[in-house]
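Colleague: Here is a sequence together with a model predicted from it:
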Amino acid sequence: MTETIRIVEVGPRDGLQNEATQVATATKIALIEQLIEAGHSTIELTSFVSPKWVPQMADAADVATRFRERTDLRLPVLVPNLQGLERALESGVREIAVFTAASDAFNRRNTNATIDESLNRFVPVLERAKSDGLRVRGYVSTVLGCPYQGEVPLAEVVRVSKALHRMGCYEISLGDTIGIGTPRKARGMLRAVADEVPLSALAVHFHDTRGQALANVFACVEAGVRVVDASVAGLGGCPYAQGASGNVATEDVVYALHGMGFNTGIDLSRLVAAGRFICHAIERRNGSKVALAWPS
Ligand SMILES: CC(C)(COP(=O)([O-])OP(=O)([O-])OC[C@H]1O[C@@H](n2cnc3c(N)ncnc32)[C@H](O)[C@@H]1OP(=O)([O-])[O-])[C@@H](O)C(=O)NCCC(=O)NCCSC(=O)C[C@@](C)(O)CC(=O)[O-]
């Protein structure tokens, strides 16, 4: 039987959060609609963070509300605190993602809190989410290096991942925020976390800053991970990680996985069209090599 890998499409959130020019809400919605048509089952729609920190996501409620009837899909949104959760609930959201890091230096710049302060912030968020029947995903950033602190101890990646899992996050996404990792290091990191958190509850999230992301995905898939975050057309970059480029392009991941015999449920041709649509709309270079080679 063909094995399935679930792609978590982060383009509409991670991919667009750093765009300097405000992307029209209608464009974001059209992109998400096209991603759904391409067969995505899991799409991170937006983030309910402070609009002062990330103005591009100020229209989170409008985007999320548009998809509130799509109970057949998993449509998580990023939430940093209880205020974000309240806003998400008002928009009919059924899945959220909380986020912290394995480096205090990064986490302070990203959320104005140390790692432990952010974990404490999540306690009431997780309690409220649980009582409202929401699923909660957890992110750990800087798992292979930090733009401010440099080396990140593996023990800290393991500790934070374990804490999020124990708190009730059903899945932990391990983020190489600045795309600094290489395949063996990425696989070693995954294995170390998998010693403490079930591999089935882990996802990988690679940025392609140094062109290593697809190789890192491959190394981790070979090591058994079955959930991969990716961004259509390789959109993205973290506003609090200078020089961070987009995530690995979804088109390239899907092409590689299909070639390896995995099923993703995604129609590559439609996905390429969605990537071309958004690149045209925001006048951005397409970061997917598969898309560039795809017949027009
Ligand atoms: C966490 C905070 C809010 C702390 O920010 P703070 O300034 O310490 O928060 P505060 O509680 O002091 O509130 C300050 C103001 O923000 C408002 N506020 C507070 N919270 C909210 C909210 N949820 N929604 C709307 N408004 C909010 C609050 O009401 C107040 O407004 P004022 O009284 O000044 O008018 C802020 O630092 C923040 O929003 N950070 C988010 C940064 C971000 O979104 N980064 C990118 C996402 S993470 C990422 O990309 C990495 C990832 C996940 O992809 C994985 C990887 O690649 O590594």
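Modeller: Great, that's in hand.
Colleague: Can you give me every residue that contacts Arg6?
Modeller: For Arg6, the contact set (Cβ atoms under 8 Å, 6 or more residues apart in numbering) comprises 41-42, 226-228, 264. For the C-beta atoms, the positions are set from N, CA and C on the backbone; glycine is no exception.
Colleague: out of these, which touch the ligand?
Modeller: When Cβ under 6 Å from any ligand atom is applied, no member of those is adjacent to the ligand.
Colleague: could you dump the residues you listed to CSV with pLDDT and neighbour count?
Modeller: Below are those laid out as CSV (pLDDT from 0 to 100; neighbours: other Cβ atoms under 10 Å):
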residue, pLDDT, neighbour count
Ser41, 97, 17
Thr42, 98, 21
Arg226, 98, 16
Val227, 98, 22
Val228, 98, 26
Thr264, 98, 22
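Colleague: taking these one by one, which sit in strands?
Modeller: Applying DSSP state E to those, the entries found in strands are 42, 227-228.
Colleague: could you dump those residues to a markdown table with distance to Arg128?
Modeller: Output for the ones in strands among the contacts of Arg6, formatted as a markdown table (distance: Cβ to Cβ, whole Å):
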| residue | distance to Arg128 |
| --- | --- |
| Thr42 | 22 |
| Val227 | 25 |
| Val228 | 29 |
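Colleague: Just the closest of these to Glu127, please.
Modeller: The nearest member of the ones in strands among the contacts of Arg6 to Glu127, counting by Cβ to Cβ, is Thr42 at 24.1 Å.
Colleague: so what's the closest one up against?
Modeller: By Cβ under 8 Å, 6+ apart, the contact set of Thr42 is 6-9, 73-76.
Colleague: what is it paired to in the beta sheet?
Modeller: Beta bridges link Thr42 to Val8, Arg74, judged by DSSP bridges.
Colleague: Look up how far the ligand lies from it.
Modeller: For Thr42, the distance to the ligand equals 15 Å [Cβ to the nearest ligand atom, to the nearest Å].
Colleague: Repeat that for Arg6.
Modeller: 17 Å.
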